[in-house]
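A.B. asks: Take a look and give me a structure for this.
(2 chains)
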Amino acid sequence: AQSVTQLGSHVSVSEGALVLLRCNYSSSVPPYLFWYVQYPNQGLQLLLKYTSAATLVKGINGFEAEFKKSETSFHLTKPSAHMSDAAEYFCAVSRPPNDYKLSFGAGTTVTVRA
Amino acid sequence: KAGVTQTPRYLIKTRGQQVTLSCSPISGHRSVSWYQQTPGQGLQFLFEYFSETQRNKGNFPGRFSGRQFSNSRSEMNVSTLELGDSALYLCASSPVAVGSNEQFFGPGTRLTVL
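C.D. replies: Alright, predicted model coming up:
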């Protein structure tokens, strides 16, 4: 079985500061990993995904994440926070190559201070 | 391409009633998954359909059921509604490309059970 742990349910950052959201996974096989963002009253939007290619993955809106097998981590970062980054972020895992069930972490709410 | 659409967006029902939610995937996508999102339990996988067949199922009671039509549109049904069924129900579709489990989410249906 695979699962995801997101450290920190709330993160507050100043505008222009680094955003770091932590995600650790447990999986019996090398997984596929995803970061999604959810704005209020909306569905989930894919930020980026890791599917066993490059370990450093670049996504939309300036976000990137690095897959570290030794640490079983897939932390999300953005060098400079913008007010529009305020949202809830979810890390998710699935079992490749064709298991479409996503197991999600509990989510991290990001607030951005002016 | 149009995104995943879900209808209705909001729904209010009373305990004991049943409800049907609809999801239209992105054109060409053949896999449709359903998720329940609640503040207490987070995002939980309900089931996944591919070519009109349920391919994967989460840990939900039999009151939750679904189906997929030949045009890939999907419906989920919840019978004998309980207060705890109040949630945001999200549908996601996938192109089912080898090497990518990427799923695209709709805006969700907000179900309130009174």
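
A.B. asks: Please list the residues of chain B that sit near chain A.
C.D. replies: Residues of chain B lying near chain A by Cβ under 8 Å from any Cβ of the partner chain: B:4, B:31, B:33, B:35, B:42-45, B:48, B:50, B:55-56, B:58, B:90, B:92, B:94, B:96, B:98-108. In short, each C-beta sits where N, CA and C put it, glycine included.

A.B. asks: Buried ones among those?
C.D. replies: Applying 16 or more other Cβ atoms under 10 Å in any protein chain shown to the residues of chain B next to chain A, the neighbour count classes B:4, B:31, B:33, B:35, B:43-45, B:48, B:50, B:55, B:58, B:90, B:92, B:94, B:96, B:101-108 as buried.

A.B. asks: quick one: which of these sit in strands?
C.D. replies: B:31, B:33, B:35, B:43-45, B:48, B:50, B:55, B:90, B:92, B:94, B:104-105 (DSSP state E).

A.B. asks: What residues of the host helix or strand of B:N77 count as buried?
C.D. replies: For B:N77, the element it lies in under DSSP states H and E is strand B:74-78. Buried residues in strand B:74-78, counting neighbours by 16+ other Cβ under 10 Å, are found at B:74-76, B:78.

A.B. asks: Tabulate those in TSV, adding columns for pLDDT and distance to B:P25.
C.D. replies: As requested, the buried residues of strand B:74-78 are exported to TSV (pLDDT from 0 to 100; distance: Cβ to Cβ, whole Å):
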residue	pLDDT	distance to B:P25
B:S74	98	7
B:E75	98	12
B:M76	98	13
B:V78	98	20
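
A.B. asks: What average pLDDT does stretch A:17-26 get?
C.D. replies: Averaging pLDDT along stretch A:17-26 gives 96.

A.B. asks: Sorry, slip of the keys, the one I care about is stretch B:29-36.
C.D. replies: If you average the pLDDT values across stretch B:29-36, you get 94.

A.B. asks: And the contacts of that stretch?
C.D. replies: The contact list for stretch B:29-36 (Cβ atoms under 8 Å, 6 or more residues apart in numbering or on different chains) reads A:100-102, B:23, B:25, B:43-51, B:55-56, B:60, B:66, B:68, B:72-74, B:76, B:87-96, B:103-104.

A.B. asks: tell me the angle the lowest-mean-pLDDT helix or strand in chain B makes with strand B:42-50.
C.D. replies: The least trusted helix or strand in chain B, going by mean pLDDT, DSSP states H and E, turns out to be strand B:53-57, with a mean of 91. Angle, strand B:53-57 to strand B:42-50, by axes from the mean of the first three to the mean of the last three Cα atoms, to 10 degrees: 150 degrees.

A.B. asks: by contact count, what packs against the following helix or strand past strand B:53-57?
C.D. replies: Later in the chain than strand B:53-57, the nearest helix or strand by DSSP H and E is strand B:64-68. Strand B:64-68 sits against strand B:42-50, strand B:74-78, with contacts defined as 3 or more Cβ pairs under 8 Å, 6 or more residues apart in numbering or on different chains; DSSP states H and E.
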